[in-house]
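# fold the following and give me the result.
(one chain, ligands or ions: 1)
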Amino acid sequence: MALPATPASPVPGSGTGPRVEAVQLIRIAIPLVAPFRTSFGVETVRDVLLVHLIGGDGDGWGECVAMGEPMYSSEYADGAQQVMERHLLPRLLARERLTAAELAGVLAPVRGHPMAKAALEMAWLDLELRAAGRSLAERLGAVRTEVDCGVSVGITDTTEELLETVAGYLEEGYRRIKLKIEPGLDIDRVRAVRERFGPEVLLQVDANAAYALEDTEHLARLDEFGLVLIEQPLPEEQLLGHAKLARRLTTPICLDESIISATVAAEAIEMGACSIVNIKPGRVGGYLEAQRIHDVCAARGVPVWCGGMLETGIGRAANLALAALPGFTLPGDTSASDRYFHEDITAPFVLEAGRLRVPTGPGLGVEVRREVVDALTTRRSIVRPG
Ligand code: NPG
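As a prediction, the model looks like this:
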């Protein structure tokens, strides 16, 4: 028999965090400017779960990066919403007050669901920092006011289409190109981009776990193209496999899906499974764990960069704050709003000389355009304490 999810009456929190009166979970369907194809699927409309905290002294917003379907990882938007409603929010709302720093500990008895937890932590950080008049960038230890931006290019039907797309992004000023690859759409595509745009372009590839260790010799053919890195070639649980692959390739291996915590990051680095890490706060349970991964990597001299999950302006604002930490020495997938959406739910982030500005306002530093959210809303629910 499972224990009841929550105590029957409110238990006191630390007494220092914000008080939350209600939590609104809002689902929006926001169309992408172009379909985004990876080795695991095609996305044309982003199904996003937003968290809106209604507090006694203000609001807080969070964005859950889980996709509509569980193809990138086991989480998906409907599941994230259900675990929030039934298991996570009752635990949080049972506290009278709760700081963002306490949140992960309170939720630790619920296994997994890092994306759902990260969205709640983001909203709590926003609420708490707004009340304190501090920015997330300052809270995380940002050292930059703007960050270098790369762009992730989905798999295209033809090589010509790929070259055209890359040319467009380079013209816009993006400072590094990431090509999504899968078996059969890899070596020739990378060669075509290298030949067309030359050796100076920072170029990297992302396999989203589409290869097997038996593909080692095939992947070694990428070495001649001077790539910045190859991201997550093997399934996420194969740390040892990545270490073996790393010994055969000259292209540095970067892990994404495999790095689920600061502990795993430290172990992966120690066993030689990667020499670069992609940090996605949603994948690791939040911005505070992301900050710890940054610290683990920095202490070991491992460069990191900020990944992307097709976020709206809410998640993008938070990612830019994270990407402004000192160890983020490689351009990330923090692209401008117009790379994703015709109309964003915050003021758009605009590329300036290949960079985006780090928000400096209190909390996430962005205001949500409620009328745009309303127009895109597909579902809404409210969770209250008690
Ligand atoms: O610019 O936000 C972006 C997309 C970057 O390629 C990107 N994300 O595997 O890293 C990834 C991929 C992704 C997209 C993963 C959507 C999951 C969902």
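# please enumerate the strands of the stretch 101-250 of the chain.
With DSSP state E, counting those that start in this stretch, the ranges of strands along the stretch 101-250 of the chain come out as 146-148, 150-153, 176-180, 203-206, 230-231.
# could I get these as CSV with mean pLDDT, distance to the ligand and mean neighbour count?
Bear in mind the C-beta positions are built from the backbone N, C-alpha and C, glycine included. CSV is the format used below for these (pLDDT from 0 to 100; distance: least, Cβ to the nearest ligand atom, whole Å; neighbours: other Cβ atoms under 10 Å):
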stretch, mean pLDDT, distance to the ligand, mean neighbour count
strand 146-148, 98, 13, 20
strand 150-153, 98, 3, 24
strand 176-180, 98, 6, 24
strand 203-206, 98, 6, 24
strand 230-231, 98, 7, 26
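# quick check: closest non-adjacent residue to the residue of the stretch 251-386 of the chain found nearest the ligand.
For the stretch 251-386 of the chain, the nearest residue to the ligand under the criterion Cβ to the nearest ligand atom is residue 308, separated by 2.4 Å. For residue 308, ignoring the flanking residues on the chain, the nearest one in space by Cβ to Cβ, 6 or more residues apart in numbering is residue 333 at 3.3 Å.
# measure the one you found to residue 315 for me?
Applying Cβ to Cβ, to the nearest Å, the value for residue 333 to residue 315 is 12 Å.
# between these two, who's got more neighbours?
Shown here are residue 333 and residue 315; by other Cβ atoms under 10 Å, residue 315 has more neighbours (28 against 24).
# helix, strand or coil for the more buried one?
For residue 315, the reduced secondary structure class is helix; criterion used: DSSP: H, G, I helix; E, B strand; the rest coil.
# not counting its neighbours along the chain, what's nearest it?
If the residues on either side of it in the chain are set aside, residue 315 comes closest to residue 63, at 4.0 Å by Cβ to Cβ, 6+ apart.
# tell me the contacts of that neighbour?
Remark: with contacts taken as Cβ atoms under 8 Å, 6 or more residues apart in numbering, residue 63 is in contact with 48-51, 119, 122, 311-312, 314-315, 318.
# for it, what are phi and psi?
Residue 63 has phi and psi values of phi -130, psi 130 when expressed as degrees, to the nearest 10.
# distance of it relative to residue 20?
17 Å.
# also residue 272?
Per Cβ to Cβ, residue 272 is found 44 Å from residue 20.
# more neighbours, the two?
Set side by side, residue 272 and residue 20 show more neighbours around residue 20, with 24 against 16, by other Cβ under 10 Å.
# what parts of the stretch 151-300 of the chain come near the ligand?
With the criterion set to Cβ under 6 Å from any ligand atom, the stretch 151-300 of the chain comes near the ligand through 152, 206, 208, 256.
# what number of residues lie near the third one?
Counted with other Cβ under 10 Å, residues neighbouring residue 208 total 21.
# could you find the closest non-adjacent residue to it?
The shortest distance from residue 208 to any non-neighbouring residue, by Cβ to Cβ, 6+ apart, is to residue 39 (4.6 Å).
# neighbours of the one you found, how many?
For residue 39, the number of neighbouring residues by other Cβ under 10 Å comes to 19.
# on the pLDDT front, check it for me.
Here the pLDDT value assigned to residue 39 is 84.
# I am finished for the moment; much appreciated.
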